[in-house]
Structures are given as structure tokens and as C-alpha cells.
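[1] Just a sequence and a predicted model for now, questions to come.
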Amino acid sequence: MALVEQPRTIILNEVSFSEEEIKELKKHYSELDMAIFDKAKVRAEAILQKGLTSGAIVCMKPEVGDQVTLHLSQDGRKLLNKV
């Protein structure tokens with residue numbers, strides 16, 4: 001029998017996150033549960049899109065202009081604490 005190593009994944013609301021993706025998301029939220037992003041960056045970064053889709057990240061109030069503030073949800077905080 002051969003030992004097969006599989007990467008660890010965590011599923012949040014039917015969206016699967018690898019350990020590397022969680023670490024990447026953690027970089028954006030290393031100090032606070034909120035971060036300000038350019039809207040273009042949010043549209044371009046797959047990890048931010050994945051966070052929004054899963055509910056790990058929420059937009060409490062859409063901003064006018066080029067920036068938006070995204071907050072970690074309670075589930076998002078739990079997800080980041082898994083790694």
C-alpha cells in the first residue's frame with residue numbers, strides 16, 4: 001500500500017479552500033477584520049472573489065468611488081484561524 005499525500009482543504013458554504021489559499025487570504029487580514037481594496041483588485045484577485053462567494057468576506061456597505069471596505073465574517077475569522 002502506497003502512502004498518498006493529499007493537500008488539506010476546508011469547505012465553507014460549499015466553497016473549498018486549500019491551505020495555501022487560506023494563507024493568501026490571511027495576508028490581507030493579518031491585523032484587522034477589515035481591509036480597504038481598490039474595486040479593480042477585488043475583481044482581479046481570485047482569492048478575494050472566492051472569499052466573497054463563500055461568505056468568508058462581506059461588503060457591509062458598498063462604497064462610492066474606486067475603493068471598497070471588505071470585512072471578515074464570523075465564518076471567515078474561523079476559516080483563517082484554521083491555518
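    Yes, it's here. Numbers count the residues shown, from 1 in each chain.
[2] doesn't residue 48 make contact with residue 28?
    Yes: counting by C-beta atoms under 8 Å, residue 28 touches residue 48, with 7.4 Å between them. Every C-beta, even on glycine, is put in place using the N, C-alpha and C of the backbone.
[3] so the spatially most central residue of the chain is in which element?
    Central residue of the chain (C-alpha atoms, centre = their mean): residue 51, 3.6 Å from the mean position. Using DSSP states H and E, the element containing residue 51 is helix 46-54.
[4] Relative to residue 63, how far out is residue 21?
    25 Å (C-beta to C-beta, to the nearest Å).
[5] ditto for residue 47
    Residue 47 is 20 Å from residue 63, by C-beta to C-beta.
[6] do residue 11 as well
    30 Å.
[7] Could you check which of the two is surrounded by more residues?
    When neighbours are counted by other C-beta atoms under 10 Å, residue 11 and residue 63 differ, and residue 63 comes out ahead with 14 against 10.
[8] I figured that one hits residue 70, correct?
    No: the criterion here is C-beta under 8 Å, and residue 63 misses it with residue 70 at 9.9 Å.
[9] Strands of this protein, start to end?
    9-12, 15-18, 34-38, 57-58, 67-72 (DSSP state E).
[10] Return the most buried member of those strands.
    Of all these, strand 57-58 has the most neighbours on average by mean count of other C-beta atoms under 10 Å, namely a mean of 21.
[11] hmm, back to that, could you dump the strands of the chain to JSON lines with mean pLDDT and distance to residue 78?
    Formatted as JSON lines, these follow (pLDDT from 0 to 100; distance: least, C-beta to C-beta, whole Å):
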{"stretch": "strand 9-12", "mean pLDDT": "90", "distance to residue 78": "8"}
{"stretch": "strand 15-18", "mean pLDDT": "93", "distance to residue 78": "12"}
{"stretch": "strand 34-38", "mean pLDDT": "91", "distance to residue 78": "16"}
{"stretch": "strand 57-58", "mean pLDDT": "96", "distance to residue 78": "13"}
{"stretch": "strand 67-72", "mean pLDDT": "93", "distance to residue 78": "9"}
